[in-house]
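Colleague: What shape does this take:
(2 chains)
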Protein chains: 2
Amino acid sequence: MPAPDPIEHLIGLLARLPGFGRRSARRAVLKMLMQPEQSMLPLAAALRDAAAAVRPCRLCGNLDDQDPCHICRDPQRDQSVICVVEGVAELWALERAHAHRGLYHVLGGTLSAIGGVGPEDLSVQPLLARIAEQGVEEVILALPATVDGATTAHFLSDRLRSTGVRVTRLAQGVPIGGALDVLDEGTLAAALKARRVV
Amino acid sequence: MPAPDPIEHLIGLLARLPGFGRRSARRAVLKMLMQPEQSMLPLAAALRDAAAAVRPCRLCGNLDDQDPCHICRDPQRDQSVICVVEGVAELWALERAHAHRGLYHVLGGTLSAIGGVGPEDLSVQPLLARIAEQGVEEVILALPATVDGATTAHFLSDRLRSTGVRVTRLAQGVPIGGALDVLDEGTLAAALKARRVV
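Modeller: Just a heads-up that it's a prediction; the model follows:
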């Protein structure tokens, strides 16, 4: 055995994290073991604290140590616009872009025939309830530009039609900084079709 | 702020690990937050346990939860051969190769004029003491094939000459599975020079 039990155990757990394999887990553990008190104990405490404090927001599904989350509680946010995202990762990504000043709604996935994900597996009813209760004027569908994402967007805009709310979706086109010659044909065609007057 | 405090704090700590950046740390934290009890608490406990239990072996410098370490305590290991390595990572790598049945000695670095690492910064005296005390017959210098590694190997073989012990070093040549056309010239020249009759 290359390493004794507590070390192997720790490497095994770290190696399960996305983006980490056994090799990088081993390297990280070795580095932490150089200064266990300064590196391992704070990380252990941070993991415990996060596990204890963080819960999904009962309104939007964001992960936060407050419930409702800090976005739903923020009086500065525009309550009349809800941005629908697949998961919390997408919510955080949009927050980092500082481009959306409204609220969010985490669906918890996208419809997938292959994955066996139906409408009842997604947070659709709570979204309809929020629209009925708060004076929501616009729902932005910020779903992935995949087949499942498009299916989900189609399904949702169907369901939202009766509410009379304005339903929009993210623009598709050339990414900022993207070189045209490496872009796929679908994106190029979409960007050309949606071209704008400068 | 894209995420609230306990989450941001955890991401910040994880992002400091080698092989991890903010992006992968965020992804890992999000994944763990899907099942905090099953993923975060065991990892926190494993970190605490390892920090509490693991110490450098007083004989060879290996990291282990026993002192002396499980290699130094193993009666099956050949006490007369000591393999000198730069660090614990190299010791573990050699153990994974199952090719060395003797003991180890962790130097704790290599001599480096630029890095300001002198002989007094390395575990040289303890190595000499071990050679004097146990009937050591061979010292294998498994040091990196770099300038600093070669300097250190040269320095050590000088210091070990008076002990009468046999000093060897790892063979240099073509790595197993290595394609010749991508190998550097230094390795090719060394492999050609050290060629063997088949």
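Colleague: quick one, strands of chain A?
Modeller: Ranges of strands in chain A, per DSSP state E, are A:55-56, A:63-64, A:78-85, A:102-106, A:138-142, A:166-169.
Colleague: In the sheet, which strands lie alongside the first one, parallel or antiparallel?
Modeller: In other words, strand A:55-56. Sheet partners assigned to strand A:55-56 using DSSP bridges are listed as strand A:63-64 (antiparallel).
Colleague: So what's the gap between the helix or strand bottoming out on mean pLDDT in chain A and the chain middle?
Modeller: Least confident helix or strand of chain A, by mean pLDDT, DSSP states H and E, is helix A:185-193 with a mean of 84. Distance of helix A:185-193 from the chain centroid (CA atoms, centre = their mean, to the nearest Å) equals 25 Å.
Colleague: Any part of stretch A:31-50 near chain B?
Modeller: Yes - residues of stretch A:31-50 are located near chain B by CB under 8 Å from any CB of the partner chain, namely A:31-33, A:36-37, A:39-50. From N, CA and C alone the C-beta is placed, and that goes for glycine too.
Colleague: and that stretch, C-alpha only, in PDB?
Modeller: What follows is stretch A:31-50, C-alpha atoms only, in PDB (Å, rounded to 0.1, in the frame of the first residue of the first chain):
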ATOM      1  CA  LYS A  31       0.700  19.800   0.100                       C
ATOM      2  CA  MET A  32      -1.900  20.100   2.900                       C
ATOM      3  CA  LEU A  33       0.100  17.700   5.100                       C
ATOM      4  CA  MET A  34       3.000  20.100   5.000                       C
ATOM      5  CA  GLN A  35       0.900  22.500   7.100                       C
ATOM      6  CA  PRO A  36      -2.000  20.400   8.500                       C
ATOM      7  CA  GLU A  37      -3.100  23.000  11.100                       C
ATOM      8  CA  GLN A  38      -3.100  25.900   8.600                       C
ATOM      9  CA  SER A  39      -4.600  24.100   5.600                       C
ATOM     10  CA  MET A  40      -6.600  21.100   6.700                       C
ATOM     11  CA  LEU A  41      -8.400  22.300   9.800                       C
ATOM     12  CA  PRO A  42      -9.800  25.500   8.200                       C
ATOM     13  CA  LEU A  43     -11.000  23.500   5.200                       C
ATOM     14  CA  ALA A  44     -12.600  20.900   7.500                       C
ATOM     15  CA  ALA A  45     -14.400  23.700   9.400                       C
ATOM     16  CA  ALA A  46     -15.500  25.400   6.300                       C
ATOM     17  CA  LEU A  47     -17.000  22.200   5.000                       C
ATOM     18  CA  ARG A  48     -18.900  21.600   8.200                       C
ATOM     19  CA  ASP A  49     -20.100  25.200   8.400                       C
ATOM     20  CA  ALA A  50     -21.300  25.100   4.800                       C
END
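Colleague: For that stretch, which outside residues touch it?
Modeller: Residues outside stretch A:31-50 that contact it (CB atoms under 8 Å, 6 or more residues apart in numbering or on different chains): A:7, B:6-7, B:9-10, B:13-14, B:16-18, B:29, B:32-33, B:36, B:40-41, B:43-45, B:47-48, B:50-51, B:54, B:63, B:88.
Colleague: Count the residues that sit near residue A:122.
Modeller: Residue A:122: 21 surrounding residues under other CB atoms under 10 Å in any protein chain shown.
Colleague: Residue A:96 too?
Modeller: Applying other CB under 10 Å, I find that residue A:96 has 12 neighbouring residues.
Colleague: Distance check, it against residue A:157.
Modeller: According to CB to CB, to the nearest Å, residue A:96 and residue A:157 sit 26 Å apart.
Colleague: Kindly report the same for residue A:39.
Modeller: Remark: distance between residue A:39 and residue A:157 (CB to CB) = 49 Å.
Colleague: Looking at those two, which is more packed in?
Modeller: Between residue A:39 and residue A:157, counted using other CB under 10 Å, the more crowded position is residue A:39 (20 against 15).
Colleague: where in chain A is pLDDT low?
Modeller: A:1-4 (pLDDT under 70).
Colleague: That one - how does it break down into domains?
Modeller: With automatic domain parsing as the criterion, the domains of chain A are listed as A:5-53, A:63-169.
Colleague: Among those, which comes closest to residue B:169?
Modeller: Of all those, it is domain A:5-53 that lies closest to residue B:169, at 23.6 Å by CB to CB.
Colleague: what about residue A:125, how many neighbours?
Modeller: Other residues lying near residue A:125 total 11 when counted by other CB under 10 Å.
Colleague: ok, so what distance separates it from chain B?
Modeller: Remark: distance between residue A:125 and chain B (CB to the nearest CB, to the nearest Å) = 21 Å.
Colleague: What of residue A:195?
Modeller: Per CB to the nearest CB, residue A:195 is found 32 Å from chain B.
Colleague: For that residue, give me phi and psi.
Modeller: phi -60, psi 150 (degrees, to the nearest 10).
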